[in-house]
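Undergrad: Just the structure for this:
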Amino acid sequence: MVLGGGFGGIAAAVALRDQLSPDDEVVLVDRRDEFVMGIRKTWHLLGMSPLAYGTRHLAQLGQRGIRVVKGEITALDPATLTATVDGQPMPADAVVLALGAAHDMTTVPGLAERGFNAWGRDALEHARQAIDDFRGGRAVVGIFGMPHSCPPAPYELALLLADRFEERGIEAEVSIFTPAPISLPIVGAAGCAPLDARLVERGIAFLPGHTATAVEAGKVVCANGAEIPFDLLLAVPRHRVPQLLVDAGLAGADGWVRVDRSTLETGHPAIWAIGDCTAIPLSNGAALPKAGLFAQREGETVAARIAATLRGQPSTTTFDGRGACFLEMGGEEASMISGDFFADPPAVELTAPTHDQRAEKERFEAERLAAWFGG
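TA: Residues are numbered from 1 along each chain as shown. I've put the predicted structure just below:
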């Protein structure tokens, strides 16, 4: 049973169905009807390309022999491997946790009232309307908590926002702030150079080391005493582990699900966890980025291990920490953050922006949608 129909959950379910006996049942549970490619959210926000192009009905997975259950997961008993879905118990022989991260706009006073959640799928239309209605002034992209999903994406949003305003002939000052000391800690200060240079080139003010403590009328107040004025505030809210996993004893109240980084085992028999609900520490003190390709590769690793176990064979497949994230730089160009994240220190680089890498991002989406859903 796979709990969660996001990037990692679908990858795990598809790989399990491909590797298990036809007599074994693969069940995917999610509260939504549809899967949406996360990389498409910024395109949708800015009117570049709609969510619908990257949306597929989860029920289509039924054609692959996967049983899809739509419902709200309200409890999980690790001892009996039983999830409660819409009040009904659903037992399993193996459980994959792929529940992602919850977004909390309430941790910074005033944020929910004065800012727009640019990360939550359910809030996208409000943020999109705010961008459409914006007629000039100060547009701020704010990172209100770390870690968050897709670490490069706030900078991508700022750069594409600047492009969008320029295309519309809008006079705007775009800025971005983060509590981190540099833009992309995983690549180090020197490795951030291509991104930092592009921000300067586009006239986007970058404010590192700014931790927001409150949002007041027209300004973000920070712990260092700074005040960041805004006319439009697009927020990356604090991310947290779903409460369900805290209640089940699988995560701390202010933490994430801890897993063996090679096997994705949780320490509870027959329960694995993948994707954004997990925390995998790296040698430099950072954590493995919460990004789609990592969730996919983790899901495929777990599927191979479960399939081997059910066949009575040794589970030898491991997750090696290799992966990549795209970072659109504007002007129809993109860079990639890629490498061996498990190396000591992580051997990760940010490539120079090119048009080919921007095209590769579109191929990345199309290939996975076709592989999972067909067509």
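Undergrad: Spit out the contact partners of Gly209.
TA: Thr178, Pro179, Ala180, Pro181, Asn224 (C-beta atoms under 8 Å, 6 or more residues apart in numbering). To be clear about C-beta, it is placed using only N, CA and C from the backbone, and glycine gets the same treatment.
Undergrad: Pull up the gap between it and Pro345, please.
TA: 22 Å (C-beta to C-beta, to the nearest Å).
Undergrad: How about Pro154?
TA: Distance from Pro154 to Pro345, by C-beta to C-beta: 24 Å.
Undergrad: These two - which one has more neighbours?
TA: Between Pro154 and Pro345, counted using other C-beta atoms under 10 Å, Pro154 has the larger neighbour count: 23 against 11.
Undergrad: Can you list the neighbours in contact with the helix or strand where that one lies?
TA: Assessed by DSSP states H and E, Pro154 sits inside helix 153-168. Here helix 153-168 makes contact (C-beta under 8 Å, 6+ apart) with 42, 45-48, 118, 131, 134, 139, 141, 143, 148, 171-172, 174-176, 178, 183-184, 195, 198-199, 202-204, 234, 236, 326-331.
Undergrad: chain center to stretch 305-320: distance?
TA: Mean-position distance between stretch 305-320 and its chain equals 26 Å (C-alpha atoms, centre = their mean, to the nearest Å).
Undergrad: That one spans what distance, first to last residue?
TA: Stretch 305-320 has an end-to-end distance of 14 Å (C-alpha to C-alpha, to the nearest Å).
Undergrad: Equivalent analysis for stretch 53-65, please.
TA: 24 Å.
Undergrad: quick one: Phe7 and Ala295 touch, right?
TA: Yes - the criterion here is C-beta atoms under 8 Å, and Phe7 meets it with Ala295 at 4.6 Å.
Undergrad: tell me the SS of the spatially closest residue to Asp196 that is not a sequence neighbour?
TA: Distance criterion C-beta to C-beta, 6 or more residues apart in numbering; nearest residue to Asp196, sequence neighbours excluded, is Ser183 at 6.2 Å. Secondary structure, DSSP: H, G, I helix; E, B strand; the rest coil: Ser183 is coil.
Undergrad: what's the average pLDDT for the helix holding Pro154?
TA: Averaging pLDDT along helix 153-168 gives 97.
Undergrad: quick one on the thing from earlier: mutual contacts of Phe7 and Ala295, please.
TA: Gly275.
Undergrad: Relative to Pro78, how far out is Val108?
TA: 33 Å.
Undergrad: for Leu327, same thing?
TA: 37 Å.
Undergrad: Repeat that for His57.
TA: 31 Å.
Undergrad: Of the two, which one has the most company?
TA: When His57 and Pro78 are compared for neighbours, Pro78 comes out ahead with 18 against 13, by other C-beta under 10 Å.
Undergrad: Need phi/psi at the more buried one.
TA: Here is the backbone geometry of Pro78 (degrees, to the nearest 10): phi -60, psi -30.
Undergrad: Ok, Asp30 next?
TA: phi -150, psi 150.
Undergrad: For it, which non-adjacent residue is closest in space?
TA: Here the residue nearest Asp30, using C-beta to C-beta, 6+ apart, is Gly5, at 3.3 Å.
Undergrad: what sits against the residue nearest in space to the middle of the chain?
TA: Central residue of the chain (C-alpha atoms, centre = their mean): Ser149, 3.3 Å from the mean position. Residues in contact with Ser149 (C-beta under 8 Å, 6+ apart) are Gly38, Gly100, Ala101, Trp119, His239, Asp276, Lys290, Ala291.
Undergrad: Thank you, goodbye.
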